[in-house]
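*Asks:* Give me the fold of what follows.
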Amino acid sequence: MIRKALLASGVAGVCLASVAAVAVADGTDRPATPAPSWQKVGDGMTGGVSGMVVSRTDGDRTDLLVARDNKEPGQPRISSVRLAPGHAPAVRDLKWAGSEVPKDLESLDAVPGRPGEYTTVSSGDSGKFRPTVYGVKVSGGTAMVRWSAPLPGTEKYAGDDSQNYEAFALHRDRATKKYVAIWATRGSNGTASQVRTAAFDPSAASADKVFGQVSAPAAFRAPWPAQDEVRHISDLKIAPDGTVVLSAAQDPNKNSGPFSSAVYEAGRLTVAKGRPALKLSKPEEVSRYTTADNRKIEAVALLPDGDHALWGTDDEDFGGSVLCDRL
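*Replies:* Numbering: from 1, shown residues only. The predicted structure follows:
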């Protein structure tokens, strides 16, 4: 498990927005931990969350950026979300500067050590173009594409399920300060997700030099959900210590669901002799949401305390929601 000291009471404040006092045997009142609750951050088909990252924490307030996998002009691509105890999430769609507006975004992650810089990946809109990684700069309520590059290894992409990418994340090694990119196909039923890594240079002079040598793929199959139309990896993030946290989801291809999801710790990413080394292990279940919950988790964001994370859903007809959960 990821274990670090709690940085501030603010993270707990966001996760435990309402706490009731209960009497215990010694006669004192202590707070009871309430059941976690989902918070709505988008309505309908265009309001799902397909990627998510924590952009800032300040006291008991947490600011997020969420990606939307929309494709049509005028539909939101990235939205800011503010979470604060006792308040409904404050959601604002970002405006785009420049001529390039990405679409079908399936992930979102920060570039460590470079405030305001993020990466996101487009799955390729079912074969209309190669899966593409975008470097995005966010300032205030505006986003701008700084660079874009085809996802490595997708030269023969034809829109098939074996190359449907929904996960892309960055990691900076504590010892070497080197950046690593990690990405994965979502997989489907009997087809495992394929996870790859490469050295990453956010300050490269040109987009074709952003990625280093790509690793051989590592296969991952989620032990659950086990229903039809399973996506073995719907998102992933790398903790500062290299722990791989990922989500898996079941989508029956019906906009009303029912959906189900699970979140796992599934291995570790290290940097050895300047090269990334990924070791996927037997997945350890963090949380499970059955069809009774009807949640399709497609986004994972790690909170800075190291003990909590946020899950984001793309629940189709039911929009998008987020939930703070304990690791």
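*Asks:* Could you point out which residue ranges in the protein have low pLDDT?
*Replies:* Confidence mapping of the chain against pLDDT under 70 gives the ranges 1-36.
*Asks:* can you give me the helices for it?
*Replies:* Assigned by DSSP state H, the chain shows helices spanning 9-15.
*Asks:* which residues does residue 149 bridge with?
*Replies:* Applying DSSP bridges to residue 149 yields these beta-bridge partners: residue 133.
*Asks:* should've said residue 323
*Replies:* Per DSSP bridges, the residues bridged to residue 323 are residue 311.
*Asks:* And residue 97, by the same measure?
*Replies:* With DSSP bridges as the rule, residue 97 is bridged to residue 144.
*Asks:* Relative to residue 143, how far out is it?
*Replies:* Residue 97 is 7 Å from residue 143, where distance means C-beta to C-beta, to the nearest Å. From N, CA and C alone the C-beta is placed, and that goes for glycine too.
*Asks:* When those two are compared, which one has more neighbours?
*Replies:* More crowded of residue 97 and residue 143, by other C-beta atoms under 10 Å: residue 143, with 26 against 13.
*Asks:* Apart from its neighbours in sequence, what residue is nearest the more buried one?
*Replies:* Of all residues not flanking residue 143 in the chain, residue 94 sits nearest, at 4.5 Å (C-beta to C-beta, 6 or more residues apart in numbering).
*Asks:* from what I can see the one you found touches residue 68, true?
*Replies:* No - contact criterion C-beta atoms under 8 Å: residue 94 and residue 68 do not qualify, at 10.2 Å.
*Asks:* Compare those two (neighbour count), which wins?
*Replies:* With neighbours defined as other C-beta under 10 Å, residue 94 and residue 68 compare such that residue 68 has more, 25 against 19.
*Asks:* mind listing what that one touches?
*Replies:* 42, 46-50, 75-79, 105, 320 (C-beta atoms under 8 Å, 6 or more residues apart in numbering).
*Asks:* What would stretch 189-204 look like as CSV? C-alpha coordinates only.
*Replies:* The C-alpha trace of stretch 189-204 is given here as CSV (Å, rounded to 0.1, in the frame of the first residue of the first chain):
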residue,chain,number,x,y,z
ASN,A,189,-12.8,-9.6,-22.5
GLY,A,190,-10.2,-12.3,-23.5
THR,A,191,-7.8,-9.7,-24.9
ALA,A,192,-5.5,-8.4,-22.2
SER,A,193,-4.5,-4.8,-21.9
GLN,A,194,-1.0,-4.1,-23.2
VAL,A,195,1.1,-1.7,-21.1
ARG,A,196,4.2,0.1,-22.4
THR,A,197,6.7,2.6,-21.1
ALA,A,198,9.2,5.0,-22.6
ALA,A,199,11.5,7.8,-21.4
PHE,A,200,9.8,11.1,-21.7
ASP,A,201,11.3,14.6,-22.2
PRO,A,202,8.8,17.4,-21.6
SER,A,203,11.3,20.0,-22.7
ALA,A,204,12.2,18.4,-26.0
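*Asks:* Now do the buried residues in that stretch.
*Replies:* Buried residues in stretch 189-204, counting neighbours by 16 or more other C-beta atoms under 10 Å, are found at 191-200, 202.
*Asks:* Put together JSON lines for the residues you listed, with distance to residue 255 on each row.
*Replies:* Converted to JSON lines, those look like this (distance: C-beta to C-beta, whole Å):
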{"residue": "191", "distance to residue 255": "23"}
{"residue": "192", "distance to residue 255": "26"}
{"residue": "193", "distance to residue 255": "24"}
{"residue": "194", "distance to residue 255": "27"}
{"residue": "195", "distance to residue 255": "29"}
{"residue": "196", "distance to residue 255": "31"}
{"residue": "197", "distance to residue 255": "34"}
{"residue": "198", "distance to residue 255": "35"}
{"residue": "199", "distance to residue 255": "40"}
{"residue": "200", "distance to residue 255": "35"}
{"residue": "202", "distance to residue 255": "37"}
